[in-house]
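Asks: what's the 3D shape of this:
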Amino acid sequence: MDRRDFLKVIFAAPLAAPLLAAAKTSGSGPVLYLIADEPQNFLPGIIQQLKRKAWAEEGRAAFLNQHPFAEELERSLSENGWRFVSSPSAASLLLSFEPLRHAASPSFTLIKEGRIWDIRNQGLSRLWKEMNRQGAASTCLTIASFEEHRFPEAPGKAVAVYADGKRRESLSLDANLMRRYTTRNGEVVIEIEKGRARVLASTCRHKICLSSPPACLAGERIVCAPNQFLLAIEGRRFVDTVTG
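Replies: Take a look at the predicted model:
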């Protein structure tokens, strides 16, 4: 699969499009997109190559949402030096899962500093061939975000609103307001008050995003996956992601 086709596939995933768009503008570290069943067989090898280029280093890892291969990924990455923690804010590697609407050939690509990198030529061509040896398609998209050094003192300037894979608008955190957004899957209400943004109401089933703490630091995100909705605080580099 070439790079253009790969991007078409992952942009069709329910939440991948807004996450990718935010990653290209947030100033955070590299974000890897991996299409493959049994990602635990391939992710450690890709990360190892990224470490050789100083694009990643061992540290703490955390899951942002439920992953069908969570146990296997935790086992394989732990064997390669990663330590898993429960809090995403304490992790330098954040893992999330998104189902693809249509099965696609196994592949991977990287978003770094706003650029799309085809890293198959970075010593990973043999791994890519191994992924495609059986000729089976996959609907499993694993997103691995490598977070850079954090600056907890950096306040955000604005909050970007993404819905249905598109950036809707950017709202100043200096404003006190409430906004209602309709998505293909439902409705989300947000509130900005005293420099903090939060989800005030949502039609999603489990309402986890409602219990997420308000976001105010640059790089913080609140995600409502069922409604394909994302809030991303804009500003200097600091990342702390909450998924609901």
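Asks: contacting residues for residue 179?
Replies: The neighbours of residue 179, taking C-beta atoms under 8 Å, 6 or more residues apart in numbering as the test, are 161, 171, 189, 190, 191. C-beta coordinates here come from the backbone N, C-alpha and C atoms, glycine included.
Asks: actually residue 158, not the one I wrote
Replies: By C-beta under 8 Å, 6+ apart, residue 158 lies in contact with 170, 171, 172, 173, 233, 234, 235.
Asks: how about 7 Å then?
Replies: 170, 171, 172, 173, 234 (C-beta atoms under 7 Å, 6 or more residues apart in numbering).
Asks: Likewise for residue 204?
Replies: 186, 224, 226, 227.
Asks: does the third one really touch residue 185, like I thought?
Replies: Pointing back at residue 226 there. Yes - shown here, residue 226 and residue 185 form a contact pair, counting by C-beta atoms under 7 Å, at 6.0 Å.
Asks: Compare neighbour counts for those two and give me the winner.
Replies: Applying other C-beta atoms under 10 Å to residue 226 and residue 185 shows that residue 226 carries more neighbours, namely 21 against 17.
Asks: Now the more buried one. Nearest residue, chain neighbours left out?
Replies: residue 204 (4.0 Å; C-beta to C-beta, 6 or more residues apart in numbering).
Asks: Going by neighbour count, list what's buried in stretch 184-196.
Replies: 185, 186, 188, 190, 192, 196 (16 or more other C-beta atoms under 10 Å).
Asks: just curious, which of those residues is nearest to residue 38?
Replies: residue 185 (28.7 Å; C-beta to C-beta).
Asks: The closest one touches residue 224, doesn't it?
Replies: No - when contacts are counted by C-beta under 7 Å, residue 185 is not listed as touching residue 224 (9.3 Å).
Asks: sorry, back to before: so which of the contacts of residue 204 sit within strands?
Replies: Filtering these for membership in strands, criterion DSSP state E, returns residue 224.
Asks: Please identify which two of the contacts of residue 204 are farthest apart in space.
Replies: Among these, 186 and 224 lie farthest apart (C-beta to C-beta), at 8.6 Å.
Asks: Mind checking the pLDDT average for the strand or helix carrying residue 230?
Replies: Assigned by DSSP states H and E, residue 230 belongs to strand 229-234. Here strand 229-234 scores 88 as its mean pLDDT.
Asks: Can you list the strands that it pairs with?
Replies: Here strand 229-234 is paired, per DSSP bridges, with strand 158-163 (antiparallel), strand 221-224 (antiparallel).
Asks: Of all these, which one is nearest residue 80?
Replies: Nearest to residue 80 among those is strand 221-224 (26.4 Å), distances taken as C-beta to C-beta.
Asks: how near is residue 147 to residue 125?
Replies: Distance, residue 147 to residue 125, using C-beta to C-beta, to the nearest Å: 28 Å.
Asks: again but with residue 84, I slipped
Replies: For residue 84, the distance to residue 125 - C-beta to C-beta - is 30 Å.
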